[in-house]
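Student: Any chance you can model this:
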Amino acid sequence: MRRLPVLLFAAALAGCAPPKSGPRKSAPAGPLAQPEEPLTAENLPGELAAPWPIPIAQAGGRYLLPWQDEDGLHARIVGQGGETDLALGPGLWLGAAARGDDFVVAISRGPQVIVRFLDGESGQEVAATLDGAPIQAVACDGDAVLVLGTRQADTDGSDGQGQGQGQGMTGPGAPFVEATLIRPSGPEPIALGLRATVPTLYGDESGFVVDGAWLLSAGFERARAPGPQVPGLRLFRRTGPSGDAVTVDGARWLELDAPLDGAFADPAGLELVVGGRLLHVGAGLTVEGAPVEIPLAASGRAFLRGVQGGRALWETLDGSDHLFALLDRATLAPASPLARVPAPFSRTVVTALGDQDTLLAWLAEDGQCRYALWPR
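Tutor: Sure thing, here's the model as predicted:
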């Protein structure tokens, strides 16, 4: 399971803001100078089980893609060891997450949520009944799985028992959110309060981030996040007159000289995309070394899609085609041939960067989900 490591903080933030001027460390020859390597694409056997862009969970060097047919829901697990399809039965797909080197999946059948703890081709199932409609989101802290349900609050803004929920209250008519923590030993419900929108979920070994604004521990301790969450990370931001600032827990902030354009993390550390440069951030929330310019394409449109170990995934457009390359994480020098996804009907290519390979997924014109494990 890939998580943002816990960063240790000192008492003061001195001299760790990125330089605002001076020479920048540029990558050598660009990715587009590399030869192309053909992709071997395959189709998911049935229809998508979730709205596009399809979510891809990663665990133990494998990837999980959900699909469905007339027999119900399925999970295709893809990796260098081959492919496995697991039948999950009827229901609505809620999501999947990593739990150690294995997966957990959650589906709903009416108000009941079924969480399946996968272990190879078998796994334990735990059911929980929610007082409301389950939402399509699931998160795991390495042990417990968090699922959410919503129901309409009473017109006075109460929880149906004549009491409002102080934290998160938004007024009459807002949805009431119920959370349930599910372990193999069974479920445990908790009321979160009222919210204006359907919440988002994120989980890691430190607990959960709910709706990008609330911190929830496995012991149900709640606290306000120090700022809006950067999607997909335990990282929070605030906006200032000259740029953004980021923090992990609010105790220490890293001031940036421009808006934050993206952020990625793995056990090796944190990477920030700021003003077309990549900033390597280490323990103590300090910038390590000089910023590195992200290679541009002829069109000027190029993006970093993720980091893992010593690699970074780079993407650009060639007309309606998508081109991908692996770069050295430290220098952003090319480290692989190019891979081309020709004119995906979805326009978006979903990516998941693993320890040894990358999964690319897209929609073809016939609505079929295609995917490729690259490099083979």
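
Student: Give the bridge partners for residue 203, please.
Tutor: Note on residue 203: beta-bridge partners by DSSP bridges are residue 208.

Student: Hmm, it is touching residue 146, no?
Tutor: Yes. Using C-beta atoms under 8 Å, residue 203 is in contact with residue 146, at 6.2 Å. Every C-beta, even on glycine, is put in place using the N, C-alpha and C of the backbone.

Student: shared neighbours, the two?
Tutor: 139, 140 (C-beta atoms under 8 Å, 6 or more residues apart in numbering).

Student: low pLDDT regions in the stretch 1-150 of the chain?
Tutor: For the stretch 1-150 of the chain, the stretches with pLDDT under 70 are 1-29, 120-122.

Student: Roughly how far does residue 244 sit from residue 39?
Tutor: According to C-beta to C-beta, to the nearest Å, residue 244 and residue 39 sit 36 Å apart.

Student: Revised request: answer the last question for residue 291.
Tutor: 32 Å.

Student: show me where pLDDT drops low in the stretch 201-350 of the chain?
Tutor: For the stretch 201-350 of the chain (pLDDT under 70), the answer is 218.

Student: For residue 344, give me its contacts.
Tutor: By C-beta under 8 Å, 6+ apart, residue 344 lies in contact with 320, 322, 362, 363, 364.

Student: I figured residue 265 was touching residue 233, is that so?
Tutor: Yes. Shown here, residue 265 and residue 233 form a contact pair, counting by C-beta under 8 Å, at 5.5 Å.

Student: which residues in the stretch 251-376 of the chain form strands?
Tutor: Remark: strands assigned in the stretch 251-376 of the chain by DSSP state E, counting those that start in this stretch are 253-255, 260-266, 269-274, 277-282, 286-287, 292-293, 302-308, 311-318, 321-328, 339-341, 350-353, 358-363, 369-374.

Student: Out of the contacts of residue 344, grab the one that's most surrounded.
Tutor: Highest neighbour count within the contacts of residue 344, by other C-beta atoms under 10 Å: residue 362, with 25 neighbours.

Student: who's in contact with the residue positioned nearest the centre of the chain?
Tutor: Centroid check for the chain by C-alpha atoms, centre = their mean gives residue 232 as the closest residue, at 3.9 Å. Contact partners of residue 232, counting by C-beta under 8 Å, 6+ apart, are residue 202.

Student: State the distance from it to residue 208.
Tutor: Noted for residue 232: a distance of 13 Å to residue 208, by C-beta to C-beta.

Student: so what sits against both of those two?
Tutor: Counting by C-beta under 8 Å, 6+ apart, the residues touching both residue 232 and residue 208 are residue 202.
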